[in-house]
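> Just the structure for this:
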Amino acid sequence: MKTIIYTSHAPAPIGPYSQAVLVNETLYTSGQIAINPFSGDLVFTDITSETHQVMNNLKAILLEAGFDFSQVVKTTIFVKDLNNFSAINEAYSEYFISDAPARETVEVSRLPKDANVEISCIAVR
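The predicted model follows:
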C-alpha cells in the first residue's frame, strides 16, 4: 500500500509527481530544488543558500511523513557544476549529525528551473 505525502511547507510539484510516497515503512522523496515554498521563488543567492533551501524542503517532507534525517538511508545529489561539491557537501553535512546515509553525487548538464543542485532521499522507519 502506498500513501502520497504532501506538505505546504515544501514546494508544490511542478509536474506529474508527488513530493513523496510512503510504502510500508519506507519513504521515497522526489528530488527537491531550492524553491522557497512560501514565495515560489528559486533561491539563487549562492550554492550554500541553495543547498540549505533544498535540505529544508526535504526536512519539511520528512516531517510531514513522520520521519527525520536520522532515518535517511540514501540520498542522490544532482549538481550542474562539480566545482561546487565542497560547498554543497559542507551545507549538506549539517543535516546528518551521525551515521550519514549512502549517497551518490552526479554532475548533470541541466536541472529543472535551471537550479544548481537537486537532492532526493529514501528514509526507513
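
> what's the helix ranked longest in the chain in contact with?
The helix that spans the most residues within the chain, counting by DSSP state H, is helix 47-64. Contacts to helix 47-64, defined as C-beta atoms under 8 Å, 6 or more residues apart in numbering, come from residues 5-7, 9-11, 19-20, 27, 29, 32-37, 43-44, 68-69, 71-72, 84, 87-88, 90-92, 94-95, 115-121, 123. All C-beta atoms are positioned from the backbone trio N, CA, C, and that covers glycine.

> Restricted to buried residues, select these in PyMOL.
Burial among the contacts of helix 47-64 is assessed by 16 or more other C-beta atoms under 10 Å; the matching PyMOL selection reads:
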select buried, resi 5+7+10+11+19+20+27+29+32+33+34+35+37+43+69+71+72+84+87+88+91+92+95+115+116+117+118+119+120+121+123
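
> Could you tell me how far the longest helix of the chain lies from the centre of the chain?
In terms of C-alpha atoms, centre = their mean, to the nearest Å, the centre of helix 47-64 is found 6 Å from the chain centre.

> repeat for stretch 111-124
The chain centroid and the centroid of stretch 111-124 are separated by 5 Å, computed with C-alpha atoms, centre = their mean.
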